[in-house]
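Participant: Below is the sequence, then the predicted model.
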Amino acid sequence: MHFKHPEILYFLFLLIVPILVHLFQLRRFKTSYFTNVRFLKELAVQTRKSSKIKKRLLLATRLLLLTCIILAFAQPFFEAIDSKNASNEMYIVLDNSFSMQAKGKKGELLKRAVQELLENTPENTQFSLLTNTEIFWNTDIKSSKSALQNLKYSASPFDLSAITAKIKAHKSAHKKDIVIITDAVGLKEKDIQNLDFEEKPYFIVPKAEQKNNVSIDSVYINQTLENFYEIGINLSAYGEDFKPVSTALYNQNKLIAKTIVNFDTKKKKINFTIPKEAFHGYVTIEDNGLTYDNKLFFSISKNKKTNVISIGEPEKANFLSRIYTPAEFNYHNYPISSLDYNSLEKQNTIILNELTEIPQALQTTLKAFVSKGGNLVVIPNEKSSLSNLNTFLANFGKVQFGNLETNSKLITKINFDHPLFSGVFENKISNFQYPKANSSFAVSSSYPAVLSFEDQIPFVTAVQNQVAGITVFTAPINSTNSNFQQSPLIVPLFYKIAQNNQKTGLNALTIGNNQPYFVDVLLTKDAILEVKGNEDSFIPVQQILNNKVKLTFNDFPETAGNYGIFDKKEWVENISFNYNRTESDLSQVNTNLVSDFKTADTISTIFNTLQTERTDSQIWKWFVIFALLFLALEMAIIKFVK
């Protein structure tokens with residue numbers, strides 16, 4: 001037992017006062033004469049005995065009464081089990097990612113967690129609240145009530161490492177209590193490794209009752225016909241025993257097509273055919289799982305021709321003119337001797353077709369062209385100068401040529417996952433008529449190959465960055481050296497190369513992906529582009545590049561949807577944004593990672609535990625009660641004991 005005011009215990013010496021009064025109580029007796037005391041002798045003995053008992057009882061009650069009063073003023077208490085952490089600061093980490101849309105026993109996980117915080121957090125408790133995107137330092141439940149009630153689901157995934165780093169950076173003289181409320185979907189081991197066990201983190205992991213979920217993963221142009229687009233839609237099913245799912249396509253909120261999808265496999269692809277014209281809408285499904293991935297917005301710009309130029313001998317460029325037809329491309333070929341350098345900045349794609357030497361002036365121009373978002377294709381010549389070629393390629397990445405090898409090799413491997421082949425093949429082809437090259441250059445590249453020889457040496461490699469695409473062939477593809485021009489691979493490859501990083505075709509950007517977007521528009525120096533939606537608008541980071549503008553969106557917009565790009569009040573083109581689908585698989589719950597930490601079912605359990613373990617047991621009230629009881633007992637003895 002401990003005392004808040006132990007100095008008051010010195011007053012216990014006052015207990016000697018009632019003892020002294022009891023021992024030295026002076027009382028003068030008056031003598032009474034009786035004629036005969038024979039009959040009073042027995043009564044006198046009895047009175048003397050009862051008087052002794054009464055005085056001793058009164059002494060005991062007065063001593064106990066005074067002792068209880070002194071102890072009450074000294075305020076005794078029993079120290080709490082965890083009293084050393086009573087001054088800890090509270091931090092509540094609330095996961096508001098889209099996976100928290102899942103439904104538990106009492107509704108959506110996030111909404112239920114917010115309700116429990118509002119109902120069970122003590123009003124006098126100070127805490128800091130951290131979500132995926134927002135931070136409220138040193139607040140209380142009254143001050144944060146509005147923010148909690150209006151908390152929206154975040155497009156940013158739950159990153160526990162980043163949040164705990166912010167907590168550690170928040171300097172404080174006190175230790176920290178961290179309460180983490182998350183469904184543990186996508187929780188990684190590195191997130192747990194950064195947690196400090198001494199800070200006593202608590203985990204609340206709400207469980208979803210419904211884990212079945214269907215997601216729209218991607219939308220793309222599967223095939224371009226003369227008057228129509230064939231739109232391909234990829235769906236994923238997570239869970240088991242799915243009912244048929246209704247899928248609908250809307251343009252400007254007008255229903256275009258609708259179908260029912262039966263999930264006999266986990267992955268499903270469906271097609272819609274729409275007119276070959278501008279499109280600004282979305283595809284949507286209806287399922288009982290998460291809602292954020294039930295809609296995917298996309299836009300198709302009005303078909304514009306892509307500017308493509310090839311530099312090299314005309315007789316080696318005939319195959320390019322058959323691929324880049326006038327209906328979709330503005331294609332021209334120029335020998336190096338008659339090249340107009342001023343026309344290069346107006347191109348979307350430039351092909352260096354088997355040049356023996358790349359002049360320094362052309363190298364400088366092409367370096368600037370690529371830095372401003374242009375696509376470049378390099379096809380070597382058998383007589384190319386290696387030093388000249390490698391010096392030029394060093395401007396764009398780590399691709400370097402070695403000596404020319406004259407042994408014939410087959411081109412046998414296709415990288416189906418490469419962006420240049422996305423949407424090209426319905427199925428992965430393992431056996432086809434392999435093209436070959438009679439001679440090729442050895443190459444050192446740190447980038448994934450698009451096509452490879454049978455010895456795993458790249459035949460085509462691509463240097464991808466956020467601005468441009470640089471595609472490098474490692475062998476000449478003229479008809480003398482290779483039959484690649486007769487291969488069915490050549491058309492989709494060069495077609496996708498020309499469209500790479502261009503806005504032509506379908507756009508469905510992912511929020512937070514930070515992939516630059518290029519807009520063909522001429523702006524003055526002081527002009528800016530603005531992105532506007534139905535509910536919000538923002539100004540992206542932008543850079544003027546000759547006849548186009550490079551836009552970078554960072555974490556904007558916050559809400560998925562269809563937007564428009566405007567130059568002041570003048571519409572420029574449409575653009576669409578979607579949420580990342582990383583939260584769609586609810587089976588990625590990693591509760592085993594938090595097994596070494598303290599866990600609880602509700603926030604009230606944690607507050608009650610902390611209250612019990614860290615609150616001292618005050619017992620001075622009991623001594624006040626005992627004092628009153630002894631006072632009452634003393635009065636009773638005086639009145640009733642004779």
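Facilitator: Yes, it's here. All values reported here derive from a predicted model rather than from experimental measurement. Numbering: from 1, shown residues only.
Participant: that's a strand at Ser218, yeah?
Facilitator: Yes - under DSSP: H, G, I helix; E, B strand; the rest coil, Ser218 falls within a strand.
Participant: Quickly list what it is bridged to.
Facilitator: Asn234 (DSSP bridges).
Participant: for the stretch 151-300 of the chain, what spans make up the helices?
Facilitator: Ranges of helices in the stretch 151-300 of the chain, per DSSP state H, counting those that start in this stretch, are 160-169, 189-193.
Participant: Just give me the lowest mean pLDDT stretch among those.
Facilitator: When the helices of the stretch 151-300 of the chain are ranked by mean pLDDT, helix 189-193 comes last with a mean of 79.
Participant: And it, what does it pack against?
Facilitator: Counting contacts by 3 or more CB pairs under 8 Å, 6 or more residues apart in numbering; DSSP states H and E, helix 189-193 packs against helix 160-169. Every residue, glycine included, has its C-beta placed from N, CA and C.
Participant: could you dump the helix it packs on to PDB, C-alpha only?
Facilitator: Extracted in PDB, the C-alpha atoms of helix 160-169 (Å, rounded to 0.1, in the frame of the first residue of the first chain):
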ATOM      1  CA  LEU A 160       1.600   0.200 -42.000                       C
ATOM      2  CA  SER A 161       5.400   0.900 -42.400                       C
ATOM      3  CA  ALA A 162       4.800   4.400 -43.600                       C
ATOM      4  CA  ILE A 163       2.200   5.100 -40.800                       C
ATOM      5  CA  THR A 164       4.400   3.800 -38.000                       C
ATOM      6  CA  ALA A 165       7.300   5.800 -39.400                       C
ATOM      7  CA  LYS A 166       5.200   9.000 -39.000                       C
ATOM      8  CA  ILE A 167       4.400   8.000 -35.400                       C
ATOM      9  CA  LYS A 168       8.100   7.500 -34.600                       C
ATOM     10  CA  ALA A 169       8.900  10.800 -36.200                       C
END
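Participant: Which positions within that helix qualify as buried?
Facilitator: Within helix 160-169, the residues that count as buried by 16 or more other CB atoms under 10 Å are Leu160, Ile163, Thr164, Ile167.
Participant: Wait, Ile167 touches Tyr91, no?
Facilitator: Yes - between Ile167 and Tyr91 there is a contact at 5.4 Å, judged by CB atoms under 8 Å.
Participant: can you list residues touching both of those two?
Facilitator: Ser128, Leu130, Lys176, Ile178 (CB atoms under 8 Å, 6 or more residues apart in numbering).
Participant: Farthest-apart pair in those residues, please.
Facilitator: Farthest-apart pair in the shared contacts of Ile167 and Tyr91 is Leu130 and Lys176; separation 11.7 Å (CB to CB).
Participant: Which one of the two is surrounded by more residues?
Facilitator: Leu130 (23 against 20; other CB atoms under 10 Å).
Participant: could you list every residue that touches the more buried one?
Facilitator: Leu130 neighbours (CB under 8 Å, 6+ apart): Tyr91, Ile92, Val93, Leu94, Phe136, Ile163, Lys166, Ile167.
Participant: and if you look at Ile285?
Facilitator: Val214, Ile216, Leu235, Val245, Ser246, Thr247, Ala248, Val261, Asn294, Lys295.
Participant: and those residues, which are buried?
Facilitator: Buried among the contacts of Ile285 by 16+ other CB under 10 Å: Val214, Ile216, Leu235, Val245, Thr247, Ala248, Val261, Asn294, Lys295.
Participant: okay, the contacts of Ile285 in TSV with distance to Trp620 and pLDDT next?
Facilitator: Shown next, in TSV, are those (distance: CB to CB, whole Å; pLDDT from 0 to 100):
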residue	distance to Trp620	pLDDT
Val214	63	94
Ile216	66	96
Leu235	68	95
Val245	67	93
Ser246	69	94
Thr247	71	95
Ala248	71	96
Val261	71	93
Asn294	61	95
Lys295	63	96
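Participant: circling back: mind checking which of the shared contacts of Ile167 and Tyr91 land in strands?
Facilitator: Ser128, Leu130, Lys176, Ile178 (DSSP state E).
Participant: if I look at the last one, how far off is Thr605?
Facilitator: Pointing back at Ile178 there. 16 Å (CB to CB, to the nearest Å).
Participant: if you count what's nearby, which of those two comes out ahead?
Facilitator: Ile178 (23 against 15).
Participant: Look up the residues forming beta bridges with the more buried one.
Facilitator: Tyr91.
Participant: And the contacts of the helix or strand harbouring Val460?
Facilitator: Using DSSP states H and E, Val460 falls within strand 458-464. Strand 458-464 has contacts (CB under 8 Å, 6+ apart) with 396-397, 399, 411, 418-420, 437, 440, 443, 445, 447-453, 469-475, 493.
Participant: can you do 6 Å?
Facilitator: 396-397, 411, 443, 445, 447, 449-453, 470-474 (CB atoms under 6 Å, 6 or more residues apart in numbering).
Participant: distance of the residue nearest to Val114 when sequence neighbours are not counted from Glu116?
Facilitator: Sequence neighbours aside, Leu148 is the residue nearest to Val114 in space, at 5.0 Å (criterion: CB to CB, 6 or more residues apart in numbering). To Glu116, Leu148 is 11 Å away according to CB to CB.
Participant: got it, and Val549?
Facilitator: 48 Å.
Participant: One more: Pro540?
Facilitator: In terms of CB to CB, Pro540 sits 38 Å off from Glu116.
Participant: try Ile470
Facilitator: 54 Å.
Participant: now do Ala627
Facilitator: The spacing between Ala627 and Glu116, counted by CB to CB, is 43 Å.
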